[in-house]
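Trainee: here are the coordinates; sequence isn't available:
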């Protein structure tokens, strides 16, 4: 079945450090891939998405490239800020009108950025 | 445009009671999904509704049920509450069901505590 495996946390970085959070997926079809971010006490917010192989999603300095050959969608940011401290979720949508809109989420990676 | 609204934000119930949670999707969104989030299990899919029909259901007991109204608003109900039902319940809406370019938009959740 479809699933997402995400890098375990927590991750602690100093401000301006480089961030990578690994995400790999298993899917039977041609899924869309997403990164969501959750701040304390809030729901999940869409950070970026990619809908086909080799697409790069980007937003707020974060980037992720849909790699079909390695079934990966790693999240990167060149220089993190304290305000990036949150929990990050990788997610997969199988797509296709017959499958409804069930998403599969990774377990989440907690990021803390220290000044 | 107003986001996804969930009410109430917090609930405290006793074992054996039942509870109803409400969700108003983003205007124009016809698909509403529910997820349970716990520290141990992460995000688990409960069910998804589209045009008042349940399209997909996760692996939860029959005590968990939901419905969607003609205005796309949705409710979920949990009967005979157990301690393990304590969780953050997240509602998400999307423009289309099963579309590659239709991300989920989440509300801030209802925090349910069962004592």
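Mentor: Alright, I've got the coordinates. Since the structure is predicted, the reported quantities are computational estimates derived from the model, not experimental observations.
Trainee: quick one, strands of chain B?
Mentor: Taking DSSP state E as the criterion, chain B contains strands spanning B:5-7, B:10-13, B:19-24, B:31-38, B:42-50, B:53-57, B:64-68, B:74-78, B:87-94, B:105-106, B:110-114.
Trainee: now render these as a markdown table, adding mean neighbour count and distance to chain A.
Mentor: (Glycine included, C-beta is placed from N, CA and C.) Shown next, in a markdown table, are the strands of chain B (neighbours: other CB atoms under 10 Å in any protein chain shown; distance: least, CB to the nearest CB, whole Å):
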| stretch | mean neighbour count | distance to chain A |
| --- | --- | --- |
| strand B:5-7 | 16 | 8 |
| strand B:10-13 | 14 | 11 |
| strand B:19-24 | 19 | 11 |
| strand B:31-38 | 24 | 5 |
| strand B:42-50 | 22 | 4 |
| strand B:53-57 | 15 | 4 |
| strand B:64-68 | 19 | 13 |
| strand B:74-78 | 20 | 13 |
| strand B:87-94 | 24 | 5 |
| strand B:105-106 | 21 | 4 |
| strand B:110-114 | 18 | 9 |
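Trainee: out of these, flag the one nearest residue A:12.
Mentor: With distances scored as CB to CB, the stretch of the strands of chain B nearest to residue A:12 is strand B:42-50 (20.7 Å).
Trainee: re the thing from before, which one of the strands of chain B has the poorest average confidence?
Mentor: If the strands of chain B are sorted by mean pLDDT, strand B:53-57 sits at the bottom with a mean of 90.
Trainee: hang on, the earlier thing: and the strands of chain B as TSV, adding distance to residue A:53?
Mentor: TSV is the format used below for these (distance: least, CB to CB, whole Å):
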stretch	distance to residue A:53
strand B:5-7	35
strand B:10-13	43
strand B:19-24	34
strand B:31-38	25
strand B:42-50	25
strand B:53-57	25
strand B:64-68	34
strand B:74-78	34
strand B:87-94	22
strand B:105-106	25
strand B:110-114	37
